[in-house]
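Colleague: show me how the following folds:
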Amino acid sequence: MKRITYIIIAGFLWGFIGISVKLINNEINPFTLNFFRFLTAFIVLAVLSPVIDKECFKLTKRSIKPYAITGLLFAITTSLFVFALSRTTISNTVLLQAVQPFFLIFIAYLWLKEKITVTKIITLMVALIGIYIIHPISTGDLIGNISALISGAFFALLTVYMRHTDKKLHHTSTLWYMFFAALFMIPFPFIFGIGEIFKNIWYILMLGGLGTGLAYFFYNLALEKMEADRAGLFAMILLPLSSITFGIIVIKETLPLMTIIGGSILIGSGIYLELHSKKIRN
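Modeller: You can find the predicted model right below:
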């Protein structure tokens with residue numbers, strides 16, 4: 001029961017990401033914002049993680065490279081996600097990033113030599129129907145929609161890299177992923193400035209503290225009690241659901257019927273693909 005509670009709390013907290021970016025309303029550059037997001041998340045995890053894992057601050061020479069590469073890929077993925085949120089709707093961003101499992105098909109085939117089955121191809125075609133129904137060219141901002149799709153591609157690359165290096169999310173690794181992600185984002189406040197940082201400090205804390213640091217803390221607690229693949233399926237459902245719900249309630253974002261239909265098809269086919277891919281790997 002605890003594992004379900006932890007994953008639901010994490011999903012609820014992820015909902016703060018979209019509305020935080022929207023409430024800041026481009027008064028801070030998205031890439032600068034993501035630096036403060038990672039810095040805040042690292043501080044939160046540095047305080048909370050030792051309560052669960054007293055060895056979380058130990059860093060070996062062997063782990064520096066994979067932690068750094070994972071941190072870089074995570075920084076790119078989420079920066080594109082935040083940029084997309086700053087340009088297009090929350091619903092378009094979270095639903096279009098949900099193409100990640102389908103990019104994963106081809107990246108895993110090229111890198112890990114995972115099989116491309118007939119089921120995977122059929123599922124991909126169903127997902128493309130979902131994307132067509134959402135119609136990212138005519139709804140929302142085109143650049144924002146494209147950024148969300150690219151974010152999904154980098155998310156897939158991140159997933160394959162972590163699978164390749166056998167790196168998993170846990171308290172120690174997440175702490176260092178946030179550290180290196182923040183490290184790679186340091187140049188952006190100098191390039192774009194810090195914007196209206198003091199005016200939006202509460203939204204930054206909401207984004208980095210609640211939506212990222214605390215969310216991943218509870219997600220890691222869930223991972224200690226359930227399989228990573230199962231937790232990933234929950235995340236695939238809860239992140240869009242909480243993000244879209246918060247968007248509707250807090251900032252009164254409208255959700256067109258076609259977006260609901262297309263998004264449901266896209267996420268549903270993604271979940272089916274994940275279950276099929278797990279069966280093939282096993």
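Colleague: how many neighbouring residues does Phe234 have?
Modeller: Applying other C-beta atoms under 10 Å, we find 20 residues neighbouring Phe234. In this view, the C-beta of every residue, glycine as well, is placed from N, C-alpha and C.
Colleague: point out where the protein drops to low pLDDT.
Modeller: 1, 136-140, 166-171, 225-231, 276-278, 280-282 (pLDDT under 70).
Colleague: could you measure the residue most central in space within it against Leu273, distance?
Modeller: Nearest to the mean C-alpha position of the chain, counting by C-alpha atoms, centre = their mean, stands Thr78 at 6.2 Å. Taking C-beta to C-beta, to the nearest Å as the measure, Thr78 falls 22 Å from Leu273.
Colleague: next one: Ala181
Modeller: Taken as C-beta to C-beta, the span from Ala181 to Leu273 is 27 Å.
Colleague: of those two, which one has the most company?
Modeller: Neighbour totals were compared for Ala181 and Leu273, and Ala181 leads with 29 against 21 (other C-beta under 10 Å).
Colleague: packing partners for whichever strand or helix holds that one?
Modeller: Ala181 belongs to helix 171-185 when assigned by DSSP states H and E. Helix 171-185 sits against helix 30-52, helix 61-87, helix 215-223, with contacts defined as 3 or more C-beta pairs under 8 Å, 6 or more residues apart in numbering; DSSP states H and E.
Colleague: give me the contact list for the helix or strand that comes right after it.
Modeller: As assigned by DSSP H and E, the chain's next helix or strand after helix 171-185 is helix 187-192. Helix 187-192 is contacted by residues 29, 31-32, 34-36 when judged by C-beta atoms under 8 Å, 6 or more residues apart in numbering.
Colleague: mind running it again at 7 Å?
Modeller: Contacts of helix 187-192 from elsewhere in the structure, counted by C-beta atoms under 7 Å, 6 or more residues apart in numbering, are 29, 31-32, 35.
Colleague: ditto for stretch 120-134
Modeller: 92, 95, 99, 102, 105, 258-259, 261-263, 265-266, 269-270, 272-273, 276.
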